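**Q** Task: produce atomic coordinates for the following.
(chains A, B, C and D)
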Protein chains: 2
Amino acid sequence: MSTGARKTRQREAIRDVFERSERPLTIDELVDAAGGVGVATAYRAVAALLKEAWLDTVEIAGEPVRYERAGKGHHHHFACEKCERVFDVDGCLENVRKLAPPRFRVKAHAVTLYGLCSACAR
Amino acid sequence: MSTGARKTRQREAIRDVFERSERPLTIDELVDAAGGVGVATAYRAVAALLKEAWLDTVEIAGEPVRYERAGKGHHHHFACEKCERVFDVDGCLENVRKLAPPRFRVKAHAVTLYGLCSACAR
DNA sequence: CACTTATTGATATTAGCGTATCATTTGCAA
DNA sequence: TTGCAAATGATACGCTAATATCAATAAGTG
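**A** Below you'll find the predicted structure:
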């Protein structure tokens, strides 16, 4: 027979990178970290992994889209203004949805913190 | 003499639009609302108003940049998934910055709610 | 091994958004 | 009213991010 996805060096490398990284990565970060993977391939692999819900999208205003392993549970993000990396922030706040004006139906929310990560803060 | 900014129909219209609107507007929304104002002019006027801190930038992930009158005090935003408009959300949460991991220095934060605005929720 | 076809990747192309150009219009002061 | 610099606006251009192209490569079955 013949149908199905093939196991390639590049795809393995990409999965590895995401499995090891505990923070969301941009396509460029991914390409750098994976090594020897073309941009087009990176985009294709990410698109596939998104489709099969193995990756989630992390969008932060004014920044390139990032991706991280799906299924981490509810969390938010911290964007370091110096090293430009984005980190996961566990936990959430109780009354987020109560901020909405009356009659507004809240379906999701995002909390993003900005500042300096531990490495850059010293 | 001769130095200084001139008062034009277009600039007046743009200021009026922002003064009347209680929600952040994109350049396109601004151009539509102002009527008879070219895109280039809109960009130029907004740039000037940003420089003199009469306007603030409102950035929401994956969406075009919006602008609103500066000096409203700390608040956040609600993005309607249906009509694509963005609304102000007054108030904030106490412990936002406490979410950050140890040793991270939080300098700012953004809370964005997604869902349906009162008009679209009915 | 041999062959079929998915995959790769350099690059062309597209799309979205903002700035630069420059001829024309228009404030506004004398 | 006149004159000049500021302002306008249609459009060309530039930038960034992502997709499409297509010849070359390689996975994996028989």
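
**Q** Could you look up the SS state of residue A:67?
**A** What DSSP: H, G, I helix; E, B strand; the rest coil gives for residue A:67 is strand.

**Q** got the contact list for the nearest residue in space to it that is not next to it in sequence?
**A** In space, and not counting its chain neighbours, residue A:67 is closest to residue A:55: 4.8 Å by CB to CB, 6 or more residues apart in numbering or on different chains. (C-beta placed from N, C-alpha, C; glycine too.) Applying CB atoms under 8 Å, 6 or more residues apart in numbering or on different chains to residue A:55 gives the contacts A:18, A:46, A:49, A:67-70.

**Q** Please apply the same query to residue A:57.
**A** For residue A:57, the contacting residues are A:50, A:65-67, by CB under 8 Å, 6+ apart.

**Q** From those, keep the buried residues only.
**A** A:66-67 (16 or more other CB atoms under 10 Å in any protein chain shown).

**Q** Now render the contacts of residue A:57 as a markdown table, adding pLDDT and distance to residue B:105.
**A** A markdown table is the format used below for these (pLDDT from 0 to 100; distance: CB to CB, whole Å):
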| residue | pLDDT | distance to residue B:105 |
| --- | --- | --- |
| A:50 | 97 | 32 |
| A:65 | 96 | 25 |
| A:66 | 97 | 21 |
| A:67 | 98 | 26 |
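
**Q** For residue A:14, state which of the contacts of residue A:57 is nearest.
**A** Nearest to residue A:14 among the contacts of residue A:57 is residue A:67, at 10.0 Å by CB to CB.

**Q** Okay, and the beta partners of the residue nearest to residue A:67?
**A** Beta bridges link residue A:55 to residue A:69 when assigned by DSSP bridges.

**Q** per-residue pLDDT, it?
**A** Looking at residue A:55, its pLDDT is 98.

**Q** Ok, the one 4 residues further on next?
**A** The confidence metric pLDDT takes the value 96 at residue A:59.

**Q** Please give the number of neighbouring residues around the spatially closest residue to it that is not a sequence neighbour.
**A** The shortest distance from residue A:59 to any non-neighbouring residue, by CB to CB, 6+ apart, is to residue B:61 (3.6 Å). Counted with other CB atoms under 10 Å in any protein chain shown, residues neighbouring residue B:61 total 17.

**Q** My understanding was that residue B:61 contacts residue A:108; is that so?
**A** No - with contact defined as CB atoms under 8 Å, residue B:61 does not reach residue A:108; the gap is 11.7 Å.

**Q** Identify the residue spatially nearest to residue A:83, adjacent ones excluded.
**A** Leaving aside its sequence neighbours, residue A:83 sits nearest to residue A:120 (CB to CB, 6+ apart; 5.3 Å).

**Q** Checking my notes, that neighbour in a strand, right?
**A** No - checked against three-state DSSP, residue A:120 lies outside a strand; its state is helix.

**Q** Does it touch residue A:84 like I think?
**A** No - applying CB under 8 Å, one finds residue A:120 not in contact with residue A:84, separated by 9.8 Å.

**Q** hmm, back to that, can you tell me how far the residue nearest to residue A:83 sits from residue B:110?
**A** Per CB to CB, to the nearest Å, residue A:120 is found 19 Å from residue B:110.

**Q** More neighbours: which of these two?
**A** More crowded of residue A:120 and residue B:110, by other CB under 10 Å: residue B:110, with 19 against 15.

**Q** Helix, strand, or coil at the more buried one?
**A** Of the three states, residue B:110 takes strand under three-state DSSP.

**Q** Report the spatially closest residue to it, excluding sequence-adjacent ones.
**A** Excluding the flanking residues, the one nearest residue B:110 by CB to CB, 6+ apart is residue A:112, at 4.9 Å.

**Q** Is the one you found bridged to anything, and to what?
**A** Residues in beta-bridge contact with residue A:112 (DSSP bridges): residue A:77, residue B:110.

**Q** Right, I'll leave it there.
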